[in-house]
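A.B. asks: Sequence and predicted structure, then a few things I'm wondering about:
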Amino acid sequence: LCREHAKLLERTSEFTIFGRQQQRKVAMEAARIEGLACLPEEGERAEEKKAELHWEQVITRAKSEGKGAEDLEAEGKLDESRTLHRYQELLKKCNALDLHDFVNGAVQLLEKHSEEVAEACQRKWSHVLVDEFQDTSSMQYKLLKFLASHRSVFLPRLKQGSAVDDDQCIFAFNGSNVGNFAAFRADFGGGAEVRLESNYRSTGTIVAAAQALIRSNESHCAAKKVVSEQDSGESIRVLECRTEQTECSTVLDSVLASAAAGTRLSEISILYRRQVTGRAFQEALLQRGIPFNLHGTAVYHRKAVRDAVAVMWAILLEENGESSVARRAVKALLAVGRSEAKKIAERIEKMAAAEDKSFLATARSLFGCRISGTLTSQQLIQGRKALQSLKVLRTVARQEQSLSALVHTVVAHLPQRGTLETKAAAVNQAEGKLLNEVADPRSLLEVIMADVNDFLRSQNEGGGIEERKAAQVGCAQLLRSFLNHLALREAQSDRDRQAENKNAITLTTMHQSKGLEWDEVYVVRLSDNEIPLVHESSRGAPASTLEEERRLFYVDPGKGAPTLE
């Protein structure tokens with residue numbers, strides 16, 4: 001819908017899709033331009049990550065609620081308003097949309113251009129089915145109201161055989177709004193509502209405990225009374241540990257006892273609220289030689305791969321294109337050490353901000369100097385080589401017809417190409433690394449090329465490649481389509497592409513575990529400021545925050561059938 005009517009959104013039909021990582025970087029860049037964030041000093045990367053997360057959440061909350069910069073300004077949130085306004089300007093300048101814009105853009109089209117768009121959509125889709133309704137945002141619900149004015153709407157939740165569940169709304173940080181259930185009943189009243197109140201997975205004890213917890217929420221539907229089809233089963237065990245080390249030892253002793261009694265490790269999971277908690281268990285598992293599967297690790301999170309992808313994006317950018325992509329690409333192409341490349345990039349960023357120029361224009365100006373007061377002659381030489389590589393790759397993208405050849409050419413220009421060509425996509429304990437990925441013998445480059453081949457095969461099956469070849473020279477647009485394909489795939493689920501170890505414990509966060517099942521579940525770090533997680537900046541958090549934490553914990557106890565600790 002957005003591509004078909006891109007001009008109405010002030011974009012071209014070839015707009016770029018920015019994934020979450022790019023959104024976070026652009027949000028941080030917008031805050032810096034507005035003077036609300038600074039470049040980090042040496043050793044302050046952790047603080048920079050916190051700032052990036054903060055500004056990303058500011059953008060996410062505003063967009064999921066359908067608020068613009070003017071709305072935030074009216075609420076007295078002046079810093080947030082300035083940052084959102086600058087963020088939108090940067091996206092427009094880059095001819096890009098982020099993932100929230102797919103929904104917001106569609107709503108904008110249906111609101112402001114109803115005669116052109118809305119009627120056609122309603123004729124085209126006579127019935128609307130919404131999966132995972134509990135995860136919808138305010139703007140997604142608004143889109144539903146436009147598309148389903150004919151009132152033919154079905155809200156299933158097929159996973160685990162249960163209905164859509166307002167008590168499983170646990171993604172408020174991504175904009176999900178539990179209030180959509182009340183709004184749906186008000187706006188689409190008169191429809192049939194079927195409650196599936198039988199739980200076939202969990203024991204009576206676990207279901208009763210979950211119900212006792214969720215009844216404390218005002219948003220809970222009092223008419224819903226879930227009961228277990230199983231007997232009471234074992235009691236829930238609560239283990240009190242004084243230190244992190246004691247907690248790890250206690251849990252792993254219990255795990256080994258269960259394994260000795262015949263429980264497969266693949267049927268055991270350890271759930272936690274924050275990623276940092278998982279690191280302590282990774283180390284403890286490695287020390288004991290117990291295999292584990294860590295959800296969320298993927299090839300495209302590797303630094304060398306992210307560098308290669310950044311260079312591919314950069315060769316598609318215009319001179320004044322998005323600075324965070326250009327910054328990463330230039331750093332990747334500099335044949336210097338990591339810390340040295342970082343300092344060079346920071347210097348360019350400071351100059352770009354002072355001169356109000358793009359990152360690439362500033363880099364070209366700086367590296368074009370014979371003498372610099374801040375960079376050595378060798379650094380200037382390496383900088384010129386990096387920009388020359390970028391120029392060559394842009395030329396290749398305009399002339400080369402083969403996407404595979406273009407990707408190989410990009411890798412050939414990277415100083416870390418040896419890592420991509422020789423480093424295995426999977427790792428194992430024998431190599432002194434974490435047992436958290438599938439045993440894949442391919443190199444990182446081989447994995448990337450396999451993805452290129454799969455993408456080209458899907459394009460050929462659709463009959464699209466030959467038409468593009470006849471219409472244009474080079475494969476720049478095909479590269480853009482491939483990168484957009486990767487961005488969407490990564491946004492949907494990293495873990496869908498990571499095969500689980502056949503007999504390994506699963507380590508994952510409570511959010512990532514939604515929809516998964518194990519026979520034995522350990523929920524760790526049940527203490528104030530962990531579960532429930534109330535950030536120090538949110539002391540005296542509103543009831544809605546605590547209700548979300550209750551819903552999160554409500555979802556997880558049902559995963560342990562028959563044992564929960």
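C.D. replies: Cool, got the structure. Numbering: from 1, shown residues only.
A.B. asks: doesn't Arg32 make contact with His86?
C.D. replies: Residue 86: Arg, not His. No - counting by CB atoms under 8 Å, Arg86 does not reach Arg32; the two are 9.3 Å apart. The way it works is simple: take the backbone N, C-alpha and C, and place the C-beta from them, glycine included.
A.B. asks: Which stretches in the stretch 251-400 of the chain count as strands?
C.D. replies: Secondary structure of the stretch 251-400 of the chain (DSSP state E, counting those that start in this stretch): strands located at 268-272, 292-294.
A.B. asks: Walking through the stretch 451-565 of the chain, point out its strands one by one.
C.D. replies: Counting by DSSP E, counting those that start in this stretch, the strands of the stretch 451-565 of the chain are 505-509, 518-523, 560-564.
A.B. asks: Can you flag the weakest of those by average pLDDT?
C.D. replies: For the strands of the stretch 451-565 of the chain, the weakest mean pLDDT is recorded on strand 560-564, namely a mean of 59.
A.B. asks: what ranges of the stretch 301-450 of the chain fall below the confidence cut-off?
C.D. replies: When residues are selected by pLDDT under 70, those of the stretch 301-450 of the chain lie in 319-322, 423-441.
A.B. asks: Could you find the closest non-adjacent residue to Lys142?
C.D. replies: Once flanking residues are discounted, Lys142 sits nearest to Val107: 5.4 Å by CB to CB, 6 or more residues apart in numbering.
A.B. asks: Quick check, the one you found in contact with Met139.
C.D. replies: Yes - if you go by CB under 8 Å, Val107 and Met139 touch, sitting 5.9 Å apart.
A.B. asks: the more surrounded of these two?
C.D. replies: More crowded of Val107 and Met139, by other CB atoms under 10 Å: Met139, with 21 against 17.
A.B. asks: per-residue confidence at that one?
C.D. replies: 87.
A.B. asks: which residues do Val107 and Met139 both contact?
C.D. replies: By the contact definition CB atoms under 8 Å, 6 or more residues apart in numbering, Val107 and Met139 are jointly contacted by Gly66.
A.B. asks: Do you have the helices of the stretch 51-200 of the chain handy? List them.
C.D. replies: 69-74, 78-93, 99-112, 118-124, 138-147, 180-187 (DSSP state H, counting those that start in this stretch).
A.B. asks: relative to helix 138-147, how tilted is the last one?
C.D. replies: Angle of helix 180-187 versus helix 138-147, following axes from the mean of the first three to the mean of the last three CA atoms, to 10 degrees, is 20 degrees.
A.B. asks: Mind giving me the packing neighbours of helix 180-187?
C.D. replies: Counting contacts by 3 or more CB pairs under 8 Å, 6 or more residues apart in numbering; DSSP states H and E, helix 180-187 is packed against helix 138-147.
A.B. asks: The fifth one now?
C.D. replies: Helices and strands in packing contact with helix 138-147 are listed as helix 45-64, helix 99-112, helix 118-124, helix 180-187; criterion 3+ CB pairs under 8 Å, 6+ apart.
A.B. asks: buried stuff in the shortest one?
C.D. replies: So that's helix 118-124. Neighbour counts over helix 118-124 (16 or more other CB atoms under 10 Å) mark Ala118, Cys121, Gln122 as buried.
A.B. asks: Pull the residues that contact that helix.
C.D. replies: Applying CB under 8 Å, 6+ apart, the contact partners of helix 118-124 are Leu1, Leu110, Phe146, Leu147, Ser149, His150.
A.B. asks: try the first one
C.D. replies: When contacts are taken as CB under 8 Å, 6+ apart, the neighbours of helix 45-64 outside the stretch itself are 20, 23-25, 27-28, 30-31, 37, 40, 68, 71-72, 80, 83-84, 87, 98, 100-101, 104, 137-139, 173-177.
A.B. asks: for Arg384, what are its contacts?
C.D. replies: Contacts of Arg384 by CB under 8 Å, 6+ apart are Phe367, Gly368.
A.B. asks: again, only using 10 Å
C.D. replies: Contacts for Arg384 (CB atoms under 10 Å, 6 or more residues apart in numbering) come out as Ala363, Arg364, Leu366, Phe367, Gly368, Cys369.
A.B. asks: Check Ile531 too.
C.D. replies: Shown in contact with Ile531 (CB under 10 Å, 6+ apart): 271-274, 277, 510, 523-525, 549, 552-553, 556.
A.B. asks: rerun that using 7 Å as the cut-off
C.D. replies: Arg273, Arg525, Phe553 (CB atoms under 7 Å, 6 or more residues apart in numbering).
A.B. asks: Can you lay out those as TSV showing distance to Ala353 and neighbour count?
C.D. replies: Listed next are those as TSV, based on distance: CB to CB, whole Å; neighbours: other CB atoms under 10 Å:
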residue	distance to Ala353	neighbour count
Arg273	37	24
Arg525	41	18
Phe553	44	21
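A.B. asks: wait, which of those residues is closest to Gln477?
C.D. replies: Gln477 lies nearest to Arg273 out of those, by CB to CB, at 43.1 Å.
A.B. asks: pretty sure the closest one contacts Met510?
C.D. replies: Yes - between Arg273 and Met510 there is a contact at 5.8 Å, judged by CB atoms under 7 Å.
A.B. asks: Now a ChimeraX select for only the buried ones of the contacts of helix 45-64.
C.D. replies: This is the ChimeraX syntax for the buried subset of these, where burial follows 16+ other CB under 10 Å:
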select :23,24,25,27,28,30,31,37,72,80,83,84,87,98,100,101,104,137,138,139,174,175,176,177
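A.B. asks: Next one: Ala332 from Glu520, what distance?
C.D. replies: Per CB to CB, to the nearest Å, Ala332 is found 44 Å from Glu520.
A.B. asks: Thr376 now?
C.D. replies: 58 Å.
A.B. asks: ok, those two, which is more surrounded?
C.D. replies: Shown here are Thr376 and Glu520; by other CB under 10 Å, Glu520 has more neighbours (23 against 12).
A.B. asks: ok, that one touching Ala259?
C.D. replies: No - applying CB under 7 Å, one finds Glu520 not in contact with Ala259, separated by 9.7 Å.
A.B. asks: Just give the closest residue to Gly383, not the sequence neighbours.
C.D. replies: Per CB to CB, 6+ apart, closest to Gly383 is Phe367, 3.5 Å.
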